[in-house]
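Q: 3D, please:
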Amino acid sequence: MTSRPETAGKLPLTDLVGMKRRRDPIVMVTAYDFPSGRIADAAGVDIVLVGDSAAMTVLGNESTVPATMAEMVMLTRAVARGARRPLVVADMPFGSFQVSDEEAVRNGVHFLKEAGADAVKVEGAGSTVSRVLALVGAGIPVMGHIGLTPQSATMLGGFRAQGRTAAKARELLEDALTLEHAGSFAIVLEAVPSPVAARITEALSIPTIGIGSGGGVDGQVLVYHDLLGLYDGKSPRFVKRYAELATTIQDALERYAADVRSGAFPEDEHTYSIRDGELAAFLSGSTAE
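A: I've put the predicted structure just below:
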């Protein structure tokens with residue numbers, strides 16, 4: 001296995017296929033604002049996905065469905081300002097591409113022109129293939145997403161693994177090949193059994209990015225808030241927490257509140273001074289020249 005390729009600027013989209021061929025794992029993280037984009041950049045992440053999961057992790061909704069174009073454009077613009085080297089992929093929210101090819105292209109253009117995204121991600125196959133063809137035809141790079149697709153989780157029977165029967169696994173493979181032929185540059189495989197995801201990865205010439213799909217894929221993605229322990233909702237079994245920052249942040253806020261209430265903050269070192277003459281003039285009501 002080789003190390004992550006170094007580039008002087010933005011990671012070229014075409015480098016992802018080379019990383020697949022070299023078996024150089026692709027690192028993707030889902031993030032939603034300027035600080036997280038900047039930190040992901042400094043950490044050497046390859047792709048930052050501005051996920052519609054922001055509807056849950058940032059905006060407090062119960063699902064990803066309420067995410068709007070306006071919200072996603074704003075969040076993507078913030079991430080793009082911080083993530084200079086990684087590819088920035090904007091998640092097209094529910095309703096932004098399902099209506100028609102024309103609507104999908106219009107919204108894809110918004111993400112590239114107004115939000116600074118390098119590409120967009122769309123969920124599903126079937127009728128979504130037409131949208132991928134339209135987006136790619138308009139010069140908009142597209143990342144596919146199959147398996148567990150949160151926007152349509154209700155139709156899939158809830159948030160559960162997909163492709164667990166031979167028929168469903170074959171369907172996922174066919175969907176992946178169709179998305180590749182439509183022009184997708186990569187495909188997210190979410191909650192797919194590891195052997196099935198490995199077989200799909202082997203069949204494709206474009207990279208696969210797994211989330212809950214084992215180690216036989218070309219890369220991995222986790223949500224920023226999940227891996228850092230910032231999201232207090234129920235985490236899927238595939239999440240590995242690398243920190244418990246919510247506890248650290250809460251502790252810091254509690255200590256801050258205690259200091260304010262006790263008068264321990266602010267101290268002299270946290271304040272600004274004024275010359276004695278100016279203070280005397282201020283207090284006397286006159287203006288010193």
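
Q: just the helices in this protein please.
A: Assigned by DSSP state H, the chain shows helices spanning 15-22, 34-42, 54-57, 69-82, 101-113, 128-137, 166-182, 194-203, 224-227, 245-262, 276-284.

Q: Just tell me which of those helices ends up closest to S235.
A: Nearest to S235, of all those, is helix 224-227, at 5.5 Å by CB to CB. Backbone N, C-alpha and C define where each C-beta goes, glycine included.

Q: Please tell me how far V217 sits from S184.
A: For V217, the distance to S184 (CB to CB, to the nearest Å) stands at 15 Å.

Q: Do I have it right that G210 meets L189?
A: Yes. Between G210 and L189 there is a contact at 5.1 Å, judged by CB atoms under 8 Å.

Q: what residues do the two have in common as contacts?
A: A197, V217 (CB atoms under 8 Å, 6 or more residues apart in numbering).

Q: Settle it for me: which of those two has more neighbours?
A: L189 (32 against 28; other CB atoms under 10 Å).

Q: Can you tell me how far the more buried one is from R131?
A: Per CB to CB, L189 is found 19 Å from R131.

Q: Equivalent analysis for G37, please.
A: According to CB to CB, G37 stands 26 Å off from R131.

Q: D33 now?
A: 27 Å.

Q: With P266 instead?
A: Counting by CB to CB - P266 and R131 are separated by 55 Å.

Q: wait, Q220 sits on M28?
A: Yes. If you go by CB under 8 Å, Q220 and M28 touch, sitting 6.9 Å apart.

Q: which of these two has more neighbours?
A: Neighbours were counted for Q220 and for M28 using other CB under 10 Å; M28 has more, 25 against 19.

Q: Any idea what the more buried one is bridged to?
A: Per DSSP bridges, the residues bridged to M28 are I47, V221.

Q: List the single closest residue to A119 in space, sequence neighbours excluded.
A: Nearest residue to A119 in three dimensions, chain neighbours excluded: P141, at 3.7 Å (CB to CB, 6 or more residues apart in numbering).

Q: Report the contact partners of that neighbour.
A: P141 is in contact with L13, D118, A119, V120, F185, counting by CB under 8 Å, 6+ apart.

Q: Tell me where the model's unsure across the stretch 51-200 of the chain.
A: Within the stretch 51-200 of the chain, the ranges that satisfy pLDDT under 70 run 152-159.

Q: circling back: D33 and R131: which is more packed in?
A: Between D33 and R131, counting by other CB under 10 Å, R131 is the more crowded of the two (26 against 17).

Q: Could you verify my assumption that that one touches R106?
A: No. Using CB under 8 Å as the test, R131 is too far from R106 to be in contact (11.5 Å).

Q: Surely V73 touches K113?
A: No. Using CB under 8 Å as the test, V73 is too far from K113 to be in contact (9.9 Å).

Q: Please name the nearest non-neighbouring residue to the residue nearest the centre of the chain.
A: Geometric centre of the chain, nearest residue: T30, 2.3 Å, by CA atoms, centre = their mean. Of all residues not flanking T30 in the chain, G51 sits nearest, at 4.0 Å (CB to CB, 6+ apart).

Q: Thank you, goodbye.
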